[in-house]
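*Asks:* need coordinates for the following:
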Amino acid sequence: MSNIKGPLISSQRYLDKAKVNDRAARFKRFIVSVYPIVLRGQQYTIL
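*Replies:* Residues are numbered from 1 along each chain as shown. Down below sits the predicted model:
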């Protein structure tokens, strides 16, 4: 798993890292694309 820096954003809302980890552990297949971006000097991670 890649190192995620900054808040997670999906569909223009913030995601809880614990919720993402829980879903990844429970589902057989949990595929996402991750894109780190910087907006106004703050790093975010888009799923």
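*Asks:* after the least confident helix or strand in the chain by mean pLDDT, next one along is what?
*Replies:* The helix or strand of the chain with the lowest confidence, counting by mean pLDDT, DSSP states H and E, is strand 13-15 at a mean of 64. Using DSSP states H and E, the helix or strand that follows strand 13-15 in sequence is helix 17-26.
*Asks:* which of the residues in that following helix are buried?
*Replies:* By 16 or more other Cβ atoms under 10 Å, the buried positions in helix 17-26 come out as V20. Where C-beta positions appear, they are placed from N, C-alpha and C, glycine not excepted.
*Asks:* next helix or strand past that helix?
*Replies:* Downstream of helix 17-26 (by DSSP H and E), the next one is strand 35-39.
*Asks:* need the per-residue pLDDT for the nearest residue to I46 once chain neighbours are set aside.
*Replies:* Counting by Cβ to Cβ, 6 or more residues apart in numbering, Y35 is the residue found nearest to I46 once chain neighbours are left out, at 4.6 Å. Looking at Y35, its pLDDT is 79.
*Asks:* ditto for A24
*Replies:* Reported pLDDT for A24: 77.
*Asks:* quick revisit: count the residues that sit near the residue nearest to I46.
*Replies:* Per other Cβ atoms under 10 Å, the neighbour tally for Y35 reads 9.
*Asks:* next one: the one 3 residues further on
*Replies:* When neighbours are defined as other Cβ under 10 Å, V38 has 9 of them.
*Asks:* offset the numbering so it begins at 272, please.
*Replies:* In the new count, where the first residue is 272, that last one comes out as V309.
*Asks:* what about it, distance to L318?
*Replies:* Computed as Cβ to Cβ, to the nearest Å, the V309 to L318 distance reads 16 Å.
*Asks:* if we can go back for a sec, wait, isn't the residue nearest to I317 in contact with Q314?
*Replies:* No: the pair Y306 / Q314 is not scored as a contact, 11.2 Å apart, by Cβ atoms under 8 Å.
*Asks:* which residues are common contacts for those two?
*Replies:* Here Y306 and Q314 have no joint contacts, going by Cβ atoms under 8 Å, 6 or more residues apart in numbering.
*Asks:* low-scoring stretches of this protein, by residue?
*Replies:* 272-275, 279-286, 301 (pLDDT under 70).
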